[in-house]
Structures are given as structure tokens and as C-alpha cells.
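Q: any chance you can model this:
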Amino acid sequence: MNLAYRNCKGKPVRTTILILLTALLSLAVCGGTLLVSGLQKGLGSLEARLGADIMVVPYEAKTKSNLESIVLQGNPGYFYMDKSRFEKIAGLDGIGQISAQFYLASTSSGCCSIPVQIIGFDPATDFTVTPWLKRSFTGNLEDGDIIVGNDLNAFPGDTLTFYGIDCHVAAKLDKTGTYYDSAVFTNIGTIQKLIRSSLDRGMNDFSRIDPEKVVSAVLINAAEGYSPEEVMNDINIHVKKVKAVQTKEMISGISSSLKGTSDVIGVLIGAVWFLGLIILLLAYSISVGGRKREFAVLRMIGASQGKLASVIMQEAMLCGILGALAGTGISLLGMMTFRTAIGEAIGLPFLLPDALQTALLALFSLAAVLLTGTAAAAFSAYRISRIDTALILRGDNG
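A: The predicted structure follows:
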């Protein structure tokens, strides 16, 4: 190993090139693997976030494509329907769990601290938001309290103002990889007060509604013995001016986009890995080919073929370890630093795996890159071990 180290140190340009090639390969493999894993975990987080079999919204919301925009993409917006429809839905057969939500979009004007989507829910009946909130907040959400998403620049104890009403930040959500990360959550009393204030200020398109007599959406889990499709069809037939949709249908487009994106990334990773193997083969072949006289001299002074092969492999391991560590480190740092920007850029839910899973993926990438570099070096080591020392020293094969 000492000879291999001195060889690497004595040829800094050659060593740097090999390290850079290995680092680039590692960067692509580790980064691509984390990207695919983050997309898959983000979709899983979105499915869990929806947490209901069926969502019912005003019919206008579905026809105007506002549903996907607000519920799935997190674009600030709102829509309302009369509360009597919620009560009628609750009386239908096949309804298991049922809860209402209220939406309100804040603005960037002087009345609001930040433009965000505000979601009101009923803690007594909710089964979609509460499981997420319990990870960060176990107390009672009092009137005037809000819980902020992980990406918002607000923290417990802060005060945010919406439509002239001061709200106390009670907790901050853990990262979810969905639009929950940039939303604000509160209870029914607070959201109704905020809606009323927005109406009084003339900043709500629904100028003639009573905040206490409307809801934005109804979330439902089918009762045992009923299928979500049956319940959905029953609602659409018997309740006017609403549209019931299965949540799995809502994310089907995202699932298709995710599969397509993952497939493309997988192909690119494979292509980069194959190209990296070819480039490393060429790099080691050129490097070893230019050192034939050096190896011939070593053979003349008693080094065996196995010793020469060992030196080449040790040099490859040194360069491979340094390059793989550098590439993997840069990839991890980049993913963690720009994870929010990555999700926004690709327009899909994105959530990096937890620390253990990330470490395992990084180790997998390291192993794959080191095996690739070792295979390339082994081929060159085999070739150099077969050369005729006498011919090289006479210059016939130099």
C-alpha cells in the first residue's frame, strides 16, 4: 500500500483525473438514487396526507380544476358550499368517518404576514390532518392558535397576522414533502373568524356567505361493508351541486408522472454507470499503458506479476475511495440543501428518506462505484501482468 500511495502522490495530475472521474460517477449514482427514493417517499406522504377514501367539494371547484390546484399542489385558493350538504352527506348509508375542512388563501397585502393556504379543520372529527399534527403538537388547538408548515419562516411563540387578526403559532410541522410544508392549520373557530374578516375587508370573492354556514370540503372514509366507489356514486346521485371523487383518482396523474420521472432517472443512472465504467476502463488502460517501462523495471528487480496487479488495484482503491466519498458527500449535501427547490422544480411531492435509509442508500452508491472502479482497474492489471518484460525494455512494445 505504501508503494501505491507514493505512486499516486508522485503523479498528481493522473491521480486527480481518476479521483474526479470516480467522484462524478458517484455523484450521479448517489444523487439519482436519492432523487428516485425522494419522489417515491413524497408520493407515499401525499397518499397518507389525503388520508380519506373520498373528498366532496362544490361542483364548481371540480369543473374549474381548482380541486387539484389547491388540494394536491397547494396553490392558495378557496371554495365554499352550504353546510346543509355536509349534513345531508352525513346521513347517507355507507358513511364511516366524516369531517369537514375550510380553506382560505391569505394575501401578500398589508393585512397578512405571508401569502399561504390556510386550512381549518374540526379536531373533534378530523382524521386526516390530526395524525400529522400529533407528531409535532399534542396539546389542544385553542381559538387564535395556528400550526405552521415546516417550510414557513415562523416558529412556536411567533405571531402571524391574517386579515388583521393576530394568530399565535402553537407548533411547527415536521417535514412532509407535500404542500403541508407551506400551509397553515387552525381550528373551526379561528378559520371562521378569518373568513369573516376577509369578507368585511372585501378581500374574499364570496361576498354573500355566512362563515358559520359553509364548508369547503368533506372528507369521508367508507364504512365497513361499503366500497369507496359505491359511497362516491351514492353522493353524486343524491346530493346536488357537489362532486365526490376518490382520492386515489386524484393522485393518479401524479403517480403516472412519478413513474415516468422515476423510469427516466433510472435509465439515466444506468446509462451514466455504463458510461462511467467505459471511461474508467479507458482511463486506467491509458494510465497503465503509459507505465509499461515502470512495471517492466519492477519485474526485473523481482516484483511478481501478482505484485504488479496488487499495486494497480491498491492505487485504484485509493483513488476510488477518495472520489466516491467526495461525490457521495457532495450529492448528500446538495440534496439536503436544495430539497425544497428540487420538489418545486419537478412539480412533484419530494421527501428525502430518513437518516438511516439515506445512509444505506449512500453506502450502496459507494459500493457500486468502488466495484465499478475496481473492475476497470482489474482489467488493466490483468493486461499489464501479461506483458513481455524483455520486449518492453528493448523498446519493441514500449
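Q: can I see the domain layout of the protein?
A: The chain breaks down into these structural domains: 3-45+255-393, 73-248 (assignment by automatic domain parsing).
Q: wasn't residue 366 part of a strand?
A: No: per DSSP: H, G, I helix; E, B strand; the rest coil, residue 366 lies outside any strand segment and is helix.
Q: contacting residues around it?
A: Contacts for residue 366 (CB atoms under 8 Å, 6 or more residues apart in numbering) come out as 26, 30, 324, 325, 328. To be clear about C-beta, it is placed using only N, CA and C from the backbone, and glycine gets the same treatment.
Q: can you put those residues in TSV and add distance to residue 365, secondary structure and pLDDT?
A: Formatted as TSV, the contacts of residue 366 follow (distance: CB to CB, whole Å; DSSP: H, G, I helix; E, B strand; the rest coil; pLDDT from 0 to 100):
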residue	distance to residue 365	secondary structure	pLDDT
26	6	helix	87
30	4	helix	88
324	8	helix	89
325	11	helix	92
328	6	helix	91
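Q: go through those and say which is closest to residue 121.
A: Distances from the contacts of residue 366 to residue 121 were compared by CB to CB; the smallest belongs to residue 30, at 39.1 Å.
Q: I'd say that closest one and residue 331 touch.
A: Yes: using CB atoms under 8 Å, residue 30 and residue 331 qualify as a contacting pair, with a distance of 4.1 Å.
Q: of those two, who's got more company?
A: Legend: neighbour count by other CB atoms under 10 Å for residue 30 and residue 331, higher for residue 30 (29 against 24).
Q: doesn't residue 352 fall inside a strand?
A: No: judged by three-state DSSP, residue 352 forms no part of a strand; its state is coil.
Q: can you count the residues close to it?
A: Residue 352 has 22 neighbours, counted by other CB under 10 Å.
Q: how close does it sit to residue 136?
A: Shown here: residue 352 relative to residue 136, a distance of 18 Å by CB to CB, to the nearest Å.
Q: and what of residue 128?
A: Distance, residue 128 to residue 136, using CB to CB: 16 Å.
Q: neighbour count winner among those two?
A: residue 128 (20 against 15).
Q: how confident was the prediction at the more buried one?
A: Predicted confidence (pLDDT) at residue 128: the value is 83.
Q: the helices in the stretch 1-150 of the chain, which residues?
A: Assigned by DSSP state H, counting those that start in this stretch, the stretch 1-150 of the chain shows helices spanning 2-10, 12-50, 59-63, 66-67, 83-90, 130-133.
Q: so what touches the last one?
A: Read that as helix 130-133. Residues external to helix 130-133 that are found in contact with it (CB under 8 Å, 6+ apart): 49, 51, 121, 123, 141, 147, 171, 173, 174, 176, 180, 185.
Q: pretty sure the second one is touching residue 127, no?
A: Right, the one you point to is residue 51. Yes: in this structure residue 51 lies within contact range of residue 127 using CB under 8 Å: 6.4 Å.
Q: now the element after the helix or strand hosting residue 307, going C-ward?
A: Here residue 307 is covered by helix 305-337, with elements defined by DSSP states H and E. Beyond helix 305-337 on the C-terminal side, the first helix or strand identified by DSSP H and E is helix 339-346.
Q: pull the CA atoms of that next one into CSV?
A: Taking Å, rounded to 0.1, in the frame of the first residue of the first chain, the C-alpha atoms of helix 339-346 are listed here in CSV:
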residue,chain,number,x,y,z
ARG,A,339,-34.6,19.5,-1.4
THR,A,340,-37.4,22.1,-1.3
ALA,A,341,-36.2,23.7,-4.6
ILE,A,342,-35.9,20.2,-6.2
GLY,A,343,-39.5,19.4,-5.3
GLU,A,344,-40.7,22.8,-6.7
ALA,A,345,-38.6,22.4,-9.9
ILE,A,346,-40.0,18.9,-10.8
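Q: okay, and the common contacts of residue 30 and residue 331?
A: Common neighbours of residue 30 and residue 331 (criterion: CB under 8 Å, 6+ apart): 362, 365.
Q: what do residue 51 and residue 127 both touch?
A: residue 219.
Q: circling back: format the contacts of residue 366 as CSV; extra columns: distance to residue 285.
A: Formatted as CSV, the entries for those read as follows, by distance: CB to CB, whole Å:
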residue, distance to residue 285
26, 21
30, 26
324, 20
325, 24
328, 26
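Q: quick one, what contacts the residue nearest the centre of the chain?
A: Compute the mean C-alpha point of the chain, and by CA atoms, centre = their mean the closest residue is residue 350, 2.0 Å away. Under the criterion of CB under 8 Å, 6+ apart, the neighbours of residue 350 are 38, 39, 42, 177, 339, 342, 343.
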